[in-house]
Structure formats: structure tokens, C-alpha cells
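[1] predicted coordinates and the sequence they were generated for:
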Amino acid sequence: MTTPPRGLPIETNRFAAIDGIEVRMTEAEAIELAKKRIGKRPIVLVGLMGCGKSSVGKRLAFKLNLQFVDADEEIERAAAKTINEIFADHGEAHFRDGERKVIARLLSNGPQVLATGGGAFINPETRRRVKDNAFSIWLRAELPVLMRRVMKRDTRPLLREGNPEATMQKLIETRYPVYAEADMTVDSRDEPHDTIVNEIITRLATGSDGAPPTTLEPNPSRSVHVELGDRSYDVLIARGLLRDVGALIKARFGVVKCGVVTDENVARYHLATLEDSLKSEGIFAGSIVMKPGEATKNFRDLATLSERLLELGLERGDLVLPFGGGVIGDLAGFAAGILRRGVRFVQIPTSLLAQVDSSVGGKTGINTPQGKNLVGVFHQPSLVVADTAVLTTLPPREMRAGYAEVAKYGLLGDAEFFSWLEANWQSVFGNNGPALTTAIETSVAAKAAIVARDETETGDRALLNLGHTFGHALEAWTGYSDRLLHGEGVAIGMCMAFRLSEELGLCPPATSARVAKHLRAVGLATKIADIPGGKADAAELLRLMGQDKKVKAGKLAFILVHGIGRAFVTRDIAPETVLAFLAREITR
């Protein structure tokens, strides 16, 4: 495979060890390089009320020795009224028009840090001006964080009537896809704002996703081919593909009926865009919205879904469109595989985990009380459409869980890719194009190569289960609940696989520590004790591992390692060895 381009060397240093990334430069050097990359352009902070634009902006301006400007304060000064008074006396439309004019004036003032109101970037004209004349940074925050901050003050005009939390949720749904067009995305968390400022400076200084927009590919797109003879298909990876799905399907498959299967979370953010795309080409049959979460992968919901797909009138030549994360892909793909003894389907994955892993390869299935994915079929999709823009509405926890599968591809067979991830993971989380697209493409290409060699997991494909033997048992132990997401279980499982390999003398000492360090930096769990809600039992975990699909003649299959990028399959680990190892891991 092609090794991703490397960024600047990353080494230990006192400046801004941002969640594990350490930069070989002093703070003064980093600040100077960040300023050079920005040049004479303003830095514009965008995001919802409560995301920290003013607090972060003031600290960032101080660090960079720039002027800080608050657009709302400038508007109040120009109108000689408070924002609330402008809303009350003249209405929101009048305020937005004034806001547009004030920001247009401020953008001509050269280098500065400009904090904008929550609705400013939503205006197409303002957004174009910012893109042409400034460097924009979206401070993204989750709903609970926003509500804790904004409810300390009652001066927000949009939250003064009705249910503030419902209003904020609606703003998230409508505005986050637009904020995602910013040049950089930074998560605004419940931690000191100086930490976020240091993260911004580090990313600008290293060029991870802070280079001037004119030097970045504006809409990086990739296509990975999965070679399976007459069942081969492409995986399309690009930003903004969702609105083109109708045209893509019609061009490849002709006039067919498309039945969409999604969940409530994805429907809230993105279903209208997909439906409009299909309707514009005259190929929309209807949408089915399921409950989100792993618990939906069961016989009852499979039966309900199959009946509803039949009610849409789908015939064997038509298409099922799983539109969601791994759960929806597995469930709807399985339904497509058994509907009319096999209906084609097009995967439209909306989570990082699904885009890099579960949407590719044709594994479909449901869970049972005995274990995960024990009932299902191999049924290859006819096309996979991965729009990276939809990941901007993914909760950070889900994004982190998906990243575990990205890291897996480096750990099982590509040490250089893992090293690249160690240096560039923050850019992957930035949702701004090149690094994210590179991570997805590299992961998909790695899986496609393995699937082409071993479609039904009789040999090499078992390597893709690195961390899964342990991880699936942990998921079953937690009842497939929110206590542990699939990717979180995989992260713990991979760390356990590396630790077991070290204990058995199969790989060099300290290898597992390096893996755990990186996954912890990303924010993932690395040991069983990280799972909330009770202590595990070694014997119970071993029993659950015995339900694994890879068990043959009563022997567990383990994916262990000789080092990073050197995974292998073995069935030679005695149960008593595993039991003792699990007991130690539980107390780690």
C-alpha cells in the first residue's frame, strides 16, 4: 500500500503535549510558525453559543500577540443597543443583516482573532467572505457541555423562550453541517481553555490541518476497488457525496427503487439530504427509521425490517440502502441478503467505524444472547459511498470508537501507517479533508486487499479480528449497552492482545505500552478497569470468548503479534493460560 505522507517529526517537548502529540519546538517557535502559516489573514472562530469562542479567542490572541475582536460587541457598539434589545426592537432578520455588514468590515482589518456570533457563519455571504479572507476554526461542543455553559447566563435571545435544550439541539442539527466547512475543527471540552489554545497553535505550527486553505485539496476524493470477480465493487470516499447519491446510483444501476434504512440519530441530521437526492432522480421508494444502538441487531427487529422492506415493494433488482453506522449496516445488509433470497444493497456509512471497516467486506448479521454477530450471511454490497462530511455530526465518543478500527489496520499489518497515525491523529479528528480521507482510504485499501484474498474468513481475513476476541466478550459482558461501544471494546482488546503477546515472549517489551499510550491519547479505554459499572469475572469472560465465531474444534482463535504491523493467528493458547491472563487484566 502507499504510505501516507508524513508531517513534521514529532518528538518529546514541553510545549503543548496535546492529548499525546508532542512537538519538537519551543513554545515561541511554535507560535512564530503558526503566525507564519496564517500570514496576514484574520483567525475567525465559529460555533454555537457556549462553545467558548470569546474565552478561547482572548487567550489565542494573547498567545499570538494579535488583537481580539468580539463581533457581537462591535454590533452592539454600532447599534448603541444590546443584542437582546436589537432582537426585541427589530427582530432577528434585522440583526443578521447588521451582523453581516459588521463582519464584512472587520474582515478587512488584517491579522486579528475574531469571535463571531453563532449564526454568523450560517449566512452564505459571510461564509464566503470568511473563506476568501480568513482562516476559520470551528469550536465544536456536545449538547451537555453547551447547556452547562449557556444556562449560567440568561442573555441569549434564542434561548429565552420555550425549551432551551430543545432549541439548542435544533441548532446543533441545522448548524453543525455548516460549521463543518471551517478550515479547522477543534473539540471544545470541559477542560482549561489554555489546553484548547495550545492545541490550535500546535496544529497550526505543524501544518496538520492548519495550512492556508489554498494549499489544501478542497475536496479530497478517493476510490478503492474491492476485487471479487463479478461481485467486485467500489468504495467512494469524498466530502459532500451524500447529495450526489441519487445520481451515482442511477448512473451505475439505472432506474431502480431504493429503500433507505437508517436510525433516529442519522435521520435527524442527514435523512432529508439523502431523500432529496433520490427523489430528484425518481428512485426513492421510502425510508425506514430504526432505534439506534447495538441492541437493535436482533431477530425481532430483523423480522420487522424485512417486512417493512417488502411493504415498500422492493424487488430483487432494486436496492436496499443501509444509511448509518455499523449496526444499521449489519442489520440492513443481512435483511438485503435474505430478502427475496438476495437483494442488492448500497452501503452509505455515517460513522468512522463503518466507513473504515464494517461497510466493506460483506459481513452482515445480528447478535444473540450467546454472542455477537453469530447469525448472519456474507453478502457483498454493490457500492459503498462514504461521505466524510457526515462525520462532523458524529458524537466525539463515537468518533473515537471508530478510530480504534483505523489504528487496527496499522497494528495488524502496517507499522508505517501506525507511526503516521501517532503523528497525525489530531488531523484525522479535524474532519477537514486530507488527513481524514487518507486514514479512511488507507484502512479501506488494507481491508479490501485482505477480503480479496479471503472473502469468507477461512485464512488471512481472521487477522481483521485483532482485538475482537477479547472485545466481543467484553461487549457481551456489558450487555451490548452504552457502557462499552464496539470500538472501545476493540481498543481494549487490542491492548490485551499486545500484552498477552509480550507475556508469551512473542513481541518486544514495551510494544504494548506504545500502543496503549497512543490509544489513551486519543481518549480510548485501554484496560478492562476502564469500563464503568462493575467488576468483570475472568471465568465468565472466558466462557463468552468460547462463543466466538472463530472457535474451531473447541479451540479459541487468537490474533496475536510479533510486533506492530506483524499480526498472526494462533490456536495454541491453553485455556488455563487465558484464564490466568484475564484474571490479571481485570485487576490491572
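    Now that the structure is in, tell me what you want to look at. Note that the coordinates shown come from a computational prediction; the quantities given were computed from them, not determined experimentally.

[2] which SS state does residue 514 fall under?
    Under DSSP: H, G, I helix; E, B strand; the rest coil, residue 514 falls in the helix class.

[3] count the neighbours of it for me.
    The number of residues packed near residue 514 is 14, by other Cβ atoms under 10 Å. All C-beta spots, glycine's among them, are computed from the backbone N, C-alpha and C.

[4] chain neighbours aside, what residue packs nearest to it?
    Distances taken as Cβ to Cβ, 6 or more residues apart in numbering put residue 564 closest to residue 514, at 7.3 Å, once the chain neighbours are dropped.

[5] touching whichever strand or helix holds residue 320 from outside, list them.
    Assigned by DSSP states H and E, residue 320 belongs to strand 319-324. Under the contact criterion Cβ atoms under 8 Å, 6 or more residues apart in numbering, strand 319-324 has outside partners 245, 249, 253, 256-263, 266, 270-271, 274, 292, 309, 314, 328-329, 331-333, 335-336, 339, 343-351, 354, 359, 382.

[6] sorry, back to before: which ones are touching the residue nearest to residue 514?
    Applying Cβ under 8 Å, 6+ apart, the residues contacting residue 564 are 410, 411, 415, 418, 511, 514, 515.

[7] residues touching the residue nearest the centre of the chain, list them.
    Nearest residue to the geometric centre of the chain (Cα atoms, centre = their mean): residue 399, 3.2 Å. Listed by Cβ under 8 Å, 6+ apart, the contact partners of residue 399 are 352, 391, 429.

[8] okay, and it sits in which element?
    Assigned by DSSP H and E, residue 399 belongs to helix 396-413.

[9] same check, this time on residue 59
    Going by DSSP H and E, residue 59 is part of helix 53-64.

[10] so which elements touch that helix?
    Packing contacts for helix 53-64, counted by 3 or more Cβ pairs under 8 Å, 6 or more residues apart in numbering; DSSP states H and E, involve helix 27-38, strand 43-46, strand 68-70, strand 113-115, helix 193-206.

[11] please report the distance of the closest residue in space to residue 401 that isn't next to it in sequence from residue 136.
    Closest residue in space to residue 401, ignoring its immediate chain neighbours: residue 487 at 2.9 Å, by Cβ to Cβ, 6+ apart. As judged by Cβ to Cβ, to the nearest Å, residue 487 and residue 136 stand 29 Å apart.

[12] circling back: run the chain-centre distance for the helix holding residue 399.
    Chain-centre distance of helix 396-413: 9 Å, with Cα atoms, centre = their mean, to the nearest Å.

[13] helix, strand, or coil at the residue nearest to residue 562 when sequence neighbours are not counted?
    Once flanking residues are discounted, residue 562 sits nearest to residue 507: 5.3 Å by Cβ to Cβ, 6+ apart. Secondary structure, three-state DSSP: residue 507 is coil.

[14] residue 507 touches residue 568, doesn't it?
    No. Counting by Cβ atoms under 8 Å, residue 507 stays clear of residue 568, with 10.4 Å between them.

[15] low pLDDT regions in the stretch 151-300 of the chain?
    Applying pLDDT under 70 to the stretch 151-300 of the chain picks out residues 152-162, 207-221.

[16] strands of that one, start to end?
    Assigned by DSSP state E, counting those that start in this stretch, the strands in the stretch 151-300 of the chain fall at 184-187, 221-226, 233-238, 258-263, 284-290.

[17] now these in JSON lines, with distance to residue 53 and mean neighbour count?
    Compiled in JSON lines, the strands of the stretch 151-300 of the chain are given as follows (distance: least, Cβ to Cβ, whole Å; neighbours: other Cβ atoms under 10 Å):
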{"stretch": "strand 184-187", "distance to residue 53": "11", "mean neighbour count": "23"}
{"stretch": "strand 221-226", "distance to residue 53": "31", "mean neighbour count": "17"}
{"stretch": "strand 233-238", "distance to residue 53": "30", "mean neighbour count": "21"}
{"stretch": "strand 258-263", "distance to residue 53": "32", "mean neighbour count": "26"}
{"stretch": "strand 284-290", "distance to residue 53": "34", "mean neighbour count": "19"}
